[in-house]
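Peer 1: Compute the structure for the input listed below.
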Amino acid sequence: MSKADAVAGAIEKCSQWGATDCKEGLTFKNQCAAVIQADKSLGTRLDTGATKEIALERATASCKKSGSQSCTTIYADCSMPYFERF
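Peer 2: Just a heads-up that it's a prediction; the model follows:
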């Protein structure tokens, strides 16, 4: 899947959830990513890591550091591994 296909799919999924201001916030390849929703006025926190757990830990820490009273996981997953032989 190309980056453009991935971004288009994510924006489509976002709009299916009812959002009207969907845009690209983070793209990733050969790693994991997490999206955490902080309190409404504090927005969304995005981060990456070698594992889903590391990405979640980083994004959650960023959310808590912002002073948010709640930090809700919106997305956490890893891309398919890609190996290029040199």
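
Peer 1: Which parts of the chain are strands?
Peer 2: Using DSSP state E, the strands of the chain run over residues 32-37, 44-49, 72-78.

Peer 1: Rebuild those strands as CSV, extending it with distance to residue 84, mean neighbour count and mean pLDDT.
Peer 2: Where you see a C-beta, it was placed from the backbone N, CA and C, and this is true even at glycine. Formatted as CSV, the strands of the chain follow (distance: least, CB to CB, whole Å; neighbours: other CB atoms under 10 Å; pLDDT from 0 to 100):
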stretch, distance to residue 84, mean neighbour count, mean pLDDT
strand 32-37, 19, 22, 93
strand 44-49, 19, 19, 92
strand 72-78, 18, 15, 93
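
Peer 1: now those strands as CSV including distance to residue 86?
Peer 2: Listed next are the strands of the chain as CSV, based on distance: least, CB to CB, whole Å:
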stretch, distance to residue 86
strand 32-37, 24
strand 44-49, 23
strand 72-78, 23
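
Peer 1: Which one, of those strands, ends up nearest to residue 1?
Peer 2: Residue 1 sits nearest to strand 72-78 of all these, at 13.5 Å, using CB to CB.

Peer 1: now what about the closest one, what contacts it?
Peer 2: 31-37, 44, 51-52, 55-56, 60 (CB atoms under 8 Å, 6 or more residues apart in numbering).

Peer 1: Export it to CSV, keeping only CA atoms.
Peer 2: Provided in CSV are the C-alpha atoms of strand 72-78 (Å, rounded to 0.1, in the frame of the first residue of the first chain):
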residue,chain,number,x,y,z
THR,A,72,-8.4,7.5,25.7
THR,A,73,-6.8,5.2,23.2
ILE,A,74,-8.2,5.9,19.7
TYR,A,75,-5.8,3.7,17.7
ALA,A,76,-2.8,1.5,18.3
ASP,A,77,-1.3,-0.8,15.7
CYS,A,78,1.8,-1.8,13.7
